[in-house]
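S.K.: Fold the following, please.
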Amino acid sequence: AGEKYTLYVNLNDESQYVSSSELLQSVPELDTLFFGTSFNPELPISDPEAKVFFAKGRIVDTPFVRNYYRWKMFINDTLRNKPEEFVIFNDKFTDGNLFETKVTDILLKKNDSLRVEHWSLSKGAFDYYTLLISQISDDQIGPSTRATAIRGNIRSVSDSEELVLGYFGASEIIVKRAKVVQ
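M.R.: Sure thing, here's the model as predicted:
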């Protein structure tokens, strides 16, 4: 944490690419991972499968530092990475406070295991992912939304007009695990 990192890529055809440097920011502690309960509205409450769980996390945010976060969620060792499962957020309204947030709207069942990776993001990475999510989410596409190529922080060394897709980032990661046992 506190160091800057840059990606350099040299391809066999002698093409070269370089990223902007990224400051690896420390990630504030993911204090607690816990479950809330709900009921599946499609099942009668008497059905043993009706009770479902959602994950929440409690973060001890660093005061006076703008933090940007990404959470990766694995259920039963499978990464959940669909557009609606992609979780990024910032501390704009919670700076310096202990706060809780839902991991995602994914519902879990009894005996599911959960692993959450708590990542730090730069402002550039946060902005990139925000644009990416807005274009790939079903509910964001409408008559006024046009899909366009999203430029990341990687560029061709020899051709400034070449469109290079993707974003290079550096992150500290905290991992928390929990299992639904109720």
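S.K.: Show me what the residue positioned nearest the centre of the chain bridges to in the sheet.
M.R.: Computing the C-alpha centroid of the chain and ranking residues by C-alpha atoms, centre = their mean puts R70 first, at 2.9 Å. Beta-bridge partners recorded for R70 (DSSP bridges): I88, W119.
S.K.: Distance of P83 relative to I136?
M.R.: 4 Å (C-beta to C-beta, to the nearest Å). For glycine as for every other residue, the C-beta is placed from the backbone atoms N, C-alpha and C.
S.K.: per-residue pLDDT, the residue lying farthest from the centre of the chain?
M.R.: In the chain, the greatest distance from the average C-alpha position (C-alpha atoms, centre = their mean) is reached by S46, at 35.5 Å. Per-residue pLDDT puts S46 at 84.
S.K.: measure it to D112 for me?
M.R.: According to C-beta to C-beta, S46 stands 21 Å off from D112.
S.K.: cool, and V175?
M.R.: Look at V175 and D112: by C-beta to C-beta, they are 17 Å apart.
S.K.: And the two? Which one has more around it.
M.R.: Neighbour count, other C-beta atoms under 10 Å: between V175 and D112, D112 has more, with 18 against 12.
S.K.: who are the neighbours in contact with the residue nearest to that one when sequence neighbours are not counted?
M.R.: Using C-beta to C-beta, 6 or more residues apart in numbering and skipping the chain neighbours, the partner closest in space to D112 is V180 (4.8 Å). Neighbouring residues of V180 by C-beta atoms under 8 Å, 6 or more residues apart in numbering: F35, F53, L108, K109, K110, N111, D112, S113, L114.
S.K.: so which strand or helix has the second one?
M.R.: Per DSSP states H and E, F53 falls inside strand 51-60.
S.K.: Am I right that A125 is in a helix?
M.R.: Yes - counting by DSSP: H, G, I helix; E, B strand; the rest coil, one finds A125 located in a helix.
S.K.: Is it correct that it is in contact with G169?
M.R.: Yes - if you go by C-beta atoms under 8 Å, A125 and G169 touch, sitting 4.3 Å apart.
S.K.: who touches both of the two?
M.R.: Taking C-beta under 8 Å, 6+ apart as the criterion, A125 and G169 both touch E22.
S.K.: picking that back up, any chance of the contacts of V180 in TSV, plus secondary structure, pLDDT and distance to E14?
M.R.: Compiled in TSV, the contacts of V180 are given as follows (DSSP: H, G, I helix; E, B strand; the rest coil; pLDDT from 0 to 100; distance: C-beta to C-beta, whole Å):
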residue	secondary structure	pLDDT	distance to E14
F35	strand	88	53
F53	strand	88	53
L108	strand	88	49
K109	coil	87	52
K110	coil	87	56
N111	coil	91	53
D112	coil	93	49
S113	strand	94	46
L114	strand	92	45
